[in-house]
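**Q** Build me a model from this:
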Amino acid sequence: MERAETAAIDGERGGHGVTGEPSVSSALEHLVAGSHGVVTKRVELALLEVQERLSRTLQRAALVGVGIVLAAAAWFAVAACVVLLATPDASLVVRLAAFGLLNGVAAMGLVALAIRRGVPQTRVRATAMGRAPQREPLPAARRN
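**A** Next comes the predicted model:
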């Protein structure tokens, strides 16, 4: 009778009964506690990785922004030097017109380059059996 009471008390406490094996409920509690710890650690790790990636992305964006501002300043300085060297005795209006023309030509060149790179070019390839021509991307477009 004492063994039955001891086994019942041990079972309620989650201990090992008479046989020395854990009860089903204590094993389930142990499993849930362990899996909860693993899930918590994984969530913390995922949050840490997201935070690091976001930090790196913001740093890179800031560096790119500063680089763009510095490149624009350098371009305007060089363009102003070219205009001043090319037209040393011209009036202010002529110099400003030359400066605007130089910047406009450069902007159109960059836009044309962006459009050319943005649209994949295709070539027409004739087939042997008289079928309709097939369009396939150019070799340079396949790499992108």
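
**Q** Can you tell me how far Ala33 is from Pro22?
**A** From Ala33 across to Pro22, the span is 13 Å (Cβ to Cβ, to the nearest Å). No exception for glycine: its C-beta is placed from N, CA and C like everyone else's.

**Q** What is the longest helix seen in the chain packed up against?
**A** The helix spanning the most residues in the chain, taking DSSP state H as the definition, is helix 24-86. With contacts defined as 3 or more Cβ pairs under 8 Å, 6 or more residues apart in numbering; DSSP states H and E, helix 24-86 has these neighbours: helix 92-118.

**Q** relative orientation of the helix it packs on and helix 24-86 in degrees?
**A** 140 degrees (axes from the mean of the first three to the mean of the last three Cα atoms, to 10 degrees).

**Q** Give me the buried positions along helix 92-118.
**A** Buried residues in helix 92-118, counting neighbours by 16 or more other Cβ atoms under 10 Å, are found at Arg95, Ala98, Phe99, Leu102.

**Q** residues touching Leu54, list them.
**A** Listed by Cβ atoms under 8 Å, 6 or more residues apart in numbering, the contact set of Leu54 is empty.

**Q** So for Ala33 and Pro22, which sits in the more crowded spot?
**A** Taking neighbours as other Cβ atoms under 10 Å, Ala33 and Pro22 compare with Pro22 leading, 17 against 9.
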